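> need a 3D model of the following:
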Amino acid sequence: MGAPQARLSELAQGLIRHGYRVTVLTAMPNYPQGKIFLGYKGFFKREKVAGVNVLRAFIYPTKKPSFIPRLLSYFSFVLSSLIVGLFHLRSVDYLLTESPPLFLGISGYLLSRLKKARWIFNASDLWPESAVHLGVVSEGLALSLSYKLEAFFYRHVWLVTGQSKTIIKSIKDRFPQVSTYHLSNGVDPDKFKPNIAKFTPPAEWLGKTVFIYAGLHGIAQGLDQIILAVTTVAHLENCLFVLVGDGPEKESLIQQANAAEIKNIQFLPPLPKEQIISMLSVADVSLVPLKLNLPGAVPSKLYEGMASRKPVILIAEGEAAEIVSQANTGIVVKPGDMDGLVKAIESFANNPDFRQQLGLNGRKLVETSYNRQVIIDEFVYHISNAK
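From the prediction side, this is the model:
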């Protein structure tokens with residue numbers, strides 16, 4: 001389960017806890033392999049997951065990062081979600097659309113009108129700005145249409161929620177008439193208590209300082225920076241780097257590591273969330289990389305690492321960097337600053353007291369400011385009392 005899916009799943013369960021009837025309209029599972037999972041063929045499937053009613057609609061799956069295959073994938077679900085929602089959604093009071101992809105707003109807008117629901121547009125990234133920064137979308141007709149589509153959506157929403165203060169500010173500056181709410185990301189601290197029983201460290205972990213990344217291996221994550229840094233710190237024989245997950249860039253990353261003959265790096269397949277949490281509890285440092293300074297991006301892995309009492313090496317700028325720096329929960333490195341990344345690794349490699357102190361700072365910050373249950377409670381209060 002990816003970060004957006006985990007966040008929205010916990011939001012759905014939190015709404016149920018508050019007495020709401022929740023239905024999730026989503027695509028057939030295909031993440032991150034880019035293939036529909038076994039047992040989910042066809043156009044429509046209904047199921048119940050963790051107490052939440054789930055309607056699954058057809059999607060054209062792809063693992064390719066290029067623009068056209070992604071666009072086909074997005075619009076296949078826009079169409080199928082509109083059809084499934086029209087015929088299978090019951091009476092709706094609130095309809096929340098997750099973006100990106102921005103294009104889901106098309107079916108979100110139409111369904112909110114047809115079902116006479118208050119439309120909430122949740123911007124977890126600034127799109128298309130982030131797509132431009134990553135080189136996925138370039139100047140031209142597609143970008144122009146994306147901005148026009150964004151403006152159309154914001155003229156018709158009841159509420160726009162954003163995952164970061166930067167996202168909210170950007171939207172408010174450009175669309176001052178829009179009602180906004182900062183629906184911060186976070187974690188459930190109770191789920192990130194040490195639980196070594198679910199993960200027994202392999203022999204090669206013992207006696208090592210373990211740096212771990214668990215998540216999507218995509219363009220935005222910039223994991224090639226980790227590969228380059230590991231080649232530079234080969235002299236630190238007590239360090240081990242573990243990359244868990246899958247994605248469009250994974251094969252390329254493995255090839256880079258093999259070409260450099262790196263011995264102290266492990267690539268592991270995607271694992272259940274519970275096992276990831278246990279792995280974090282026995283690792284030493286959480287790696288949270290981004291390829292570029294993406295406007296408004298605050299990776300969910302930042303909160304998970306801090307909740308696990310692990311110091312973070314954050315490769316990012318902006319709001320995420322401010323969170324880490326102000327609370328002293330890790331070391332911040334600018335994307336592309338290989339010297340800075342190497343120094344950060346060396347700082348943590350042989351200093352357990354330093355790691356422990358920054359890890360405790362992170363846990364305290366999560367408990368006081370990023371408890372997801374508290375965040376959901378406050379969101380429910382807001383929508384219940386908004387006009």
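
> can you give me the helices for the stretch 151-300 of the chain?
Assignment of helices within the stretch 151-300 of the chain using DSSP state H, counting those that start in this stretch yields the ranges 165-174, 224-232, 250-259, 273-282, 300-307.

> so residue 94 makes contact with residue 115?
No. Between residue 94 and residue 115 there is no contact, the gap being 10.1 Å when judged by CB atoms under 8 Å. In short, each C-beta sits where N, CA and C put it, glycine included.

> residues in contact with residue 89?
23, 25, 55, 111, 115 (CB atoms under 8 Å, 6 or more residues apart in numbering).

> which outside residues touch the lowest-mean-pLDDT helix or strand in the chain?
Here the helix or strand of the chain ranked lowest by mean pLDDT, DSSP states H and E is helix 129-133, holding a mean of 71. Identification of contacts with helix 129-133 by CB under 8 Å, 6+ apart yields 100, 137-139, 143, 146, 170, 220, 292-297.

> now swap in stretch 319-337 and tell me
Outside stretch 319-337, the residues that touch it by CB under 8 Å, 6+ apart are 164-166, 222, 225, 286, 288-293, 296-299, 302, 305-306, 311-317, 340-341, 344, 347-348, 358-359, 361-362, 364-365.

> mind redoing it with 6 Å?
Around stretch 319-337, the neighbours that count as contacts under CB atoms under 6 Å, 6 or more residues apart in numbering are 164, 166, 290, 292, 298, 302, 306, 311-315, 317, 340-341, 344, 358, 361-362, 365.

> endpoint to endpoint, that stretch covers what distance?
Counting by CA to CA, to the nearest Å, you get 18 Å between the two ends of stretch 319-337.

> any buried residues in that stretch, and which?
By neighbour count on 16 or more other CB atoms under 10 Å, the buried set for stretch 319-337 is 319, 320, 321, 323, 324, 327, 329, 330, 331, 332, 333, 335.

> tell me which element the fifth one is part of?
With elements delineated by DSSP states H and E, residue 324 resides in helix 319-327, which encompasses its position.

> ok now that helix, how far from the chain's centre?
A distance of 18 Å separates the C-alpha centroid of helix 319-327 from that of its chain, computed with CA atoms, centre = their mean, to the nearest Å.

> and what of stretch 50-69?
Taking the mean C-alpha point of stretch 50-69 and that of its whole chain, the gap between them comes to 16 Å (CA atoms, centre = their mean).

> that one: end-to-end distance?
From its first residue to its last, stretch 50-69 covers 32 Å (CA to CA).

> for that stretch, buried residues please.
Those buried within stretch 50-69 under the rule 16+ other CB under 10 Å are 52-63, 65.

> send me the helix or strand just after the helix holding residue 324 as CSV with only the CA atoms.
Read in the C-terminal direction, the helix or strand following helix 319-327 is strand 330-333, with elements assigned using DSSP H and E. These are the backbone C-alpha positions of strand 330-333, laid out as CSV (Å, rounded to 0.1, in the frame of the first residue of the first chain):
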residue,chain,number,x,y,z
GLY,A,330,17.5,14.9,11.3
ILE,A,331,19.9,16.3,8.8
VAL,A,332,18.6,18.2,5.7
VAL,A,333,20.4,18.0,2.4
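
> neighbouring strands for strand 330-333, and are they parallel or not?
Taking DSSP bridges as the criterion, strand 330-333 sits next to strand 312-315 (parallel) in its sheet.

> let me see the mean pLDDT of the strand it pairs with.
Regarding strand 312-315, the rounded mean pLDDT is 98.

> and stretch 337-347, by the same measure?
The average of the pLDDT scores along stretch 337-347 is 96.

> buried residues, it. List them.
By neighbour count, and taking 16+ other CB under 10 Å as the criterion, the buried residues in stretch 337-347 are 340, 341, 342, 344, 345, 347.

> so which of the residues you listed belong to helices?
Judged by DSSP state H, the buried residues of stretch 337-347 include 340, 341, 342, 344, 345, 347 as members of helices.

> could these be laid out in a markdown table, adding distance to residue 45?
Conversion of these to a markdown table gives the following (distance: CB to CB, whole Å):
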| residue | distance to residue 45 |
| --- | --- |
| 340 | 47 |
| 341 | 44 |
| 342 | 48 |
| 344 | 45 |
| 345 | 45 |
| 347 | 49 |
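
> of all those residues, which comes closest to residue 42?
Looking at those and their distance to residue 42, the nearest is residue 341, at 45.8 Å (CB to CB).

> what about the stretch 101-250 of the chain, any weak spots by pLDDT?
Counting by pLDDT under 70, the stretch 101-250 of the chain has low-confidence residues at 133-138, 194-198.

> now do 90
Within the stretch 101-250 of the chain, the set of residues satisfying pLDDT under 90 comprises 101, 125-147, 191-204, 218-220, 233-237, 247-248.

> domain assignment for the chain?
With automatic domain parsing serving as the domain definition, the record reports that the chain contains domains spanning 3-186+371-385, 189-369.

> chain center to the last one: distance?
Centroid separation between domain 189-369 and its chain, computed with CA atoms, centre = their mean, is 15 Å.

> then stretch 379-387?
Put simply, stretch 379-387 sits 25 Å off its chain's centre (CA atoms, centre = their mean).

> and residue 374, how close does it get to residue 331?
The gap separating residue 374 from residue 331 is 28 Å, by CB to CB, to the nearest Å.

> now swap in residue 215 and tell me
For residue 215, the distance to residue 331 under the criterion CB to CB works out to 19 Å.
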